[in-house]
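Colleague: give me a model of this one.
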Amino acid sequence: MVSANVSGDLSSKTEVDAFRHLFPLSYHECFLLDSICLDARPLGRARDTSVALGAVASADGSTLVKIGCITMLVAIKMGVMTLSKESTDEGFIEI
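Modeller: Presented below is the predicted three-dimensional model:
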């Protein structure tokens, strides 16, 4: 059996989600007027950040960056190639 309080919380969350989707500008303005971010941080405070260099051992260069709950991984692998005789002043990047 679901208590009235829990049911009320679910209804409230649904209403907030609906408002956020229907009126995104007004939703974000509510936070900005109170000088807070969507994740309840003050506007002047940055998210927790960490950087780990050399995260991928098989890459020539790599880093793992975490900003708040977002994680990004970047790795670069370099190689030497033989250029064609027709285009000695050109190369290419393979992604």
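
Colleague: list the buried residues of stretch 61-81.
Modeller: Within stretch 61-81, the residues that qualify as buried are Ser62, Thr63, Leu64, counting by 16 or more other CB atoms under 10 Å. From N, CA and C alone the C-beta is placed, and that goes for glycine too.

Colleague: which residues touch the residue lying closest to Gly61 once chain neighbours are set aside?
Modeller: Excluding its sequence neighbours, the residue lying closest to Gly61 (CB to CB, 6 or more residues apart in numbering) is Ile76, at 4.5 Å. Neighbouring residues of Ile76 by CB atoms under 8 Å, 6 or more residues apart in numbering: Ala59, Asp60, Gly61, Ser62.

Colleague: can you give me the helices in this protein?
Modeller: For the chain, the helices defined by DSSP state H occupy 4-22, 24-33.

Colleague: residues in contact with the last one?
Modeller: This points to helix 24-33. In contact with helix 24-33 (CB under 8 Å, 6+ apart) are residues Phe19, Arg20, Cys37, Leu38, Leu43.

Colleague: the third one contacts Gly68, doesn't it?
Modeller: No - between Cys37 and Gly68 there is no contact, the gap being 9.7 Å when judged by CB atoms under 8 Å.

Colleague: can you count the residues close to Gly44?
Modeller: Residues near Gly44, counting by other CB atoms under 10 Å, number 7.

Colleague: just the buried members of the contacts of helix 24-33?
Modeller: Judged by 16+ other CB under 10 Å, buried ones among the contacts of helix 24-33: Cys37.

Colleague: could you dump the contacts of helix 24-33 to CSV with pLDDT and distance to Thr88?
Modeller: Listed next are the contacts of helix 24-33 as CSV, based on pLDDT from 0 to 100; distance: CB to CB, whole Å:
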residue, pLDDT, distance to Thr88
Phe19, 91, 61
Arg20, 89, 56
Cys37, 87, 53
Leu38, 84, 53
Leu43, 87, 54
